[in-house]
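Chemist: When you get a sec, could you give me coordinates for this:
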Amino acid sequence: MKVGSLKSGRDGRLVVVSHDLAWCADATHIAPTLQAALDNWFYVAPQLQLLATDLAHEVIPMMRFHERSAAAPLPRAYQWADGSAYVNHVALVRQARGAEMPESFWTDPLMYQGASDEMLAARDPIPLADESWGCDLEAEVVVVTGDVPRGVTPEQAREHILLIGLVNDVSLRNLIPAELAKGFGFLQSKPASALSPVFVTPDELGPRWQGGKLHGELKVDHNGQPFGRADAGEDMTFDFGTLIAHLAKTRNLGAGTIVGSGTVSNRGEDGGPGKPIVRGGRGYSCLAEVRTVETILDGQAVTPFLKHGDTVRIWMDDEHGHPIFGTIEQTVVPA
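Modeler: Modelled structure (predicted):
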């Protein structure tokens with residue numbers, strides 16, 4: 001089942017979306033918003049599934065689903081926590097700046113609490129007030145949980161994953177060092193992120209969803225050129241069950257919590273830094289990583305961060321070449 005939100009008020013209007021993303025059916029008679037559905041998921045989900053079946057058989061009123069007019073599935077969320085499940089990415093970034101990586105990073109996930117009062121729609125622009133802030137894209141996988149009790153195990157946590165999607169977790173790289181130097185984490189350096197047009201239930205993904213990981217090529221284009229083709233299921237040190245259990249170690253999680261994977265990152269075939277697509281590699285899911293590789297290999301980074309007018313495109317195709325979650329497609333604009 002695929003679900004989304006049309007723009008309406010602060011929290012959108014819930015719709016069920018067809019498998020090919022061409023059509024949708026109003027679901028507000030079941031739950032007015034996706035958050036309302038998540039609050040009572042095990043009662044609401046079977047009704048939404050029946051609606052999805054009726055939509056597939058074209059026996060109910062339906063309307064075209066336009067990704068450009070859709071809101072984020074959760075236009076605002078109670079919680080957005082982003083992990084760093086691809087430790088290869090962390091290792092590269094630290095290597096580039098000559099920082100030693102603690103061994104614990106391979107066993108204890110990194111995670112920060114992001115802002116979730118505004119989640120951008122997939123086609124909303126990226127507002128950037130100052131190009132010197134170093135605006136970067138970050139292509140990631142996200143999951144949405146139901147209510148998660150404090151102290152769950154990773155195996156138990158996987159059972160609380162209700163929906164899966166994608167995110168462009170925008171970062172302002174040049175603001176990060178000063179914030180981290182304060183020892184209190186990200187704030188100004190993490191503006192609003194953009195969610196994929198739809199979220200999908202785990203059963204919709206079939207064999208792509210295994211062991212709390214989404215398998216498949218996460219595609220990223222930068223200014224119309226292929227930039228990243230990393231496999232989201234490879235080199236993922238911590239699965240989503242582990243990330244959720246880490247977050248819930250000392251507190252309960254409310255339904256509608258969004259948990260991110262961190263930047264998807266693959267090692268090179270030789271075990272070292274990955275190569276750009278033009279050199280036969282899988283490319284990258286953020287600009288910071290290619291700049292890191294440039295620094296490691298050539299002594300300095302030459303790829304610039306995002307500028308006004310630059311475009312970003314993020315999606316994942318199914319076996320027939322059709323986007324599973326729709327497409328995040330954004331342009332950087334002056335704030």
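Chemist: Can you give me the buried ones in stretch 306-315?
Modeler: 306, 310-315 (16 or more other Cβ atoms under 10 Å). To be clear about C-beta, it is placed using only N, CA and C from the backbone, and glycine gets the same treatment.
Chemist: From one end of it to the other, what's the distance?
Modeler: 19 Å (Cα to Cα, to the nearest Å).
Chemist: residues in contact with it?
Modeler: 126, 128, 131, 135-137, 139, 166, 168, 196, 218-224, 287, 323-334 (Cβ atoms under 8 Å, 6 or more residues apart in numbering).
Chemist: For ChimeraX, what selects the buried ones among those?
Modeler: For the buried members of the contacts of stretch 306-315, the matching ChimeraX selection, counting by 16+ other Cβ under 10 Å, is:
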select :126,128,131,135,136,137,139,166,168,196,218,219,220,221,222,287,323,324,325,326,327,328,329,330,332
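Chemist: out of the contacts of stretch 306-315, which are inside strands?
Modeler: Of the contacts of stretch 306-315, the ones assigned to strands by DSSP state E are 126, 128, 135-136, 139, 166, 168, 218-222, 328-334.
Chemist: ok, so what distance separates the residue nearest to Pro75 when sequence neighbours are not counted from Gly4?
Modeler: Nearest non-adjacent residue to Pro75, counting by Cβ to Cβ, 6 or more residues apart in numbering: Gly12, 4.9 Å away. The gap separating Gly12 from Gly4 is 8 Å, by Cβ to Cβ, to the nearest Å.
Chemist: Those two: who's more crowded?
Modeler: Gly4 (31 against 23; other Cβ atoms under 10 Å).
Chemist: contacting residues for Ala230?
Modeler: 217-218, 264-266, 274, 282-285.
Chemist: now these as CSV including secondary structure?
Modeler: Below are those laid out as CSV (DSSP: H, G, I helix; E, B strand; the rest coil):
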residue, secondary structure
Glu217, strand
Leu218, strand
Val264, coil
Ser265, coil
Asn266, coil
Gly274, coil
Arg282, coil
Gly283, strand
Tyr284, coil
Ser285, coil
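Chemist: Can you tell me which one of these sits lowest on pLDDT?
Modeler: Lowest in pLDDT among those is Gly274, which has 86.
Chemist: and that one, how many residues sit next to it?
Modeler: 26.
Chemist: Likewise for Pro127?
Modeler: Neighbours of Pro127 using other Cβ under 10 Å come to 14.
Chemist: Count the neighbours of the spatially closest residue to it that is not a sequence neighbour for me.
Modeler: Nearest-residue entry for Pro127: Ala335, 3.9 Å, with adjacent residues in sequence omitted and distances by Cβ to Cβ, 6+ apart. Ala335 has 11 neighbours, counted by other Cβ under 10 Å.
Chemist: so where's the stretch 51-200 of the chain shaky on pLDDT?
Modeler: 96-98 (pLDDT under 70).
Chemist: Please report how far the residue of the chain most remote from its centre lies from Asp20.
Modeler: Going by Cα atoms, centre = their mean, the residue of the chain most distant from its centre is Val59, 33.2 Å out. As judged by Cβ to Cβ, Val59 and Asp20 stand 17 Å apart.
Chemist: immediately after the one helix or strand Gly241 maps to, which helix or strand?
Modeler: Using DSSP states H and E, Gly241 sits in helix 240-247. Moving toward the C-terminus from helix 240-247, the next helix or strand (DSSP H and E) is strand 257-260.
Chemist: For the stretch 101-250 of the chain, just list every one of the strands.
Modeler: For the stretch 101-250 of the chain, strands defined by DSSP state E, counting those that start in this stretch occupy the ranges 111-114, 126-128, 135-136, 139-145, 161-168, 171-172, 194-195, 199-200, 209-210, 213-214, 217-222, 225-231.
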